[in-house]
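S.K.: I need the structure of the sequence given here:
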Amino acid sequence: MTQLIFRKDNIGLGKRKQAVARVFLVPGEGKLIINKIPGNKYLQYNDTYLNSIWAPLKALKLEDQFNIIALVKGGGLTGQTEAIQLGIARQLCKINEQNRTILKPFGFLTRDSRIKERKKYGLRKARKAPQYSKR
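M.R.: Below you'll find the predicted structure:
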């Protein structure tokens, strides 16, 4: 594997919940590597996660032209998967500006801003209250 050049202009950054993914698209034959581990092993051979990651490339019919190298931290597998998907879509837009018009209707460029709500005092969770007792 060739040595990657880590520069800001060739990183696709994706975020979701607590997960942050830095994605590099390298010309290749369609391999997925997440945190130096083969992608299907990292994602526990879950087809839903794998299809979600490859969806932006499939929409552009480029799945066999790029290798995906992702460095992910934080969150769980679902959040990491969606963060990688956003990073790939952003990187594809940096490569070719016309890709934006194709990816935008699919929702691949939208950052899902929902995060966990903080716990409030006097409550068990963010909104769950202790059981009410009349007497």
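S.K.: ok now the longest helix belonging to the chain, how far from the chain's centre?
M.R.: Assignment by DSSP state H gives helix 77-95 as the longest helix of the chain. Relative to the chain's own centre, helix 77-95 is displaced by 4 Å; criterion: C-alpha atoms, centre = their mean, to the nearest Å.
S.K.: please enumerate the helices of the chain.
M.R.: Secondary structure of the chain (DSSP H): helices at 39-42, 47-59, 77-95, 99-103.
S.K.: thinking again about what came up before, tell me the average confidence for the longest helix of the chain?
M.R.: The pLDDT scores in helix 77-95 average 95.
S.K.: quick one, that helix and helix 47-59 angle?
M.R.: Between helix 77-95 and helix 47-59, the angle comes out at 10 degrees (axes from the mean of the first three to the mean of the last three C-alpha atoms, to 10 degrees).
S.K.: could you list every helix and strand in contact with helix 77-95?
M.R.: In terms of contact count using 3 or more C-beta pairs under 8 Å, 6 or more residues apart in numbering; DSSP states H and E, helix 77-95 is assigned the packing partners strand 12-16, strand 19-27, helix 47-59, strand 66-73, helix 99-103. (Glycine included, C-beta is placed from N, CA and C.)
S.K.: quick one: the last one to chain centroid distance?
M.R.: Using C-alpha atoms, centre = their mean, the mean C-alpha position of helix 99-103 is found 17 Å from that of the whole chain.
S.K.: cool, and the longest one?
M.R.: For helix 47-59, the separation from the chain centroid amounts to 10 Å (computed by C-alpha atoms, centre = their mean).
S.K.: so which residues make contact with that helix?
M.R.: With contacts defined as C-beta atoms under 8 Å, 6 or more residues apart in numbering, helix 47-59 is touched by 32, 39-40, 43, 63, 66, 68, 77-78, 81-82, 84-85, 88-89, 92, 102-103, 106, 108.
S.K.: again, but for stretch 25-35
M.R.: For stretch 25-35, contacts defined as C-beta under 8 Å, 6+ apart pick out 2, 4, 10, 12, 38-40, 42-43, 50, 53-54, 63-72, 80, 84, 88, 91-92, 95.
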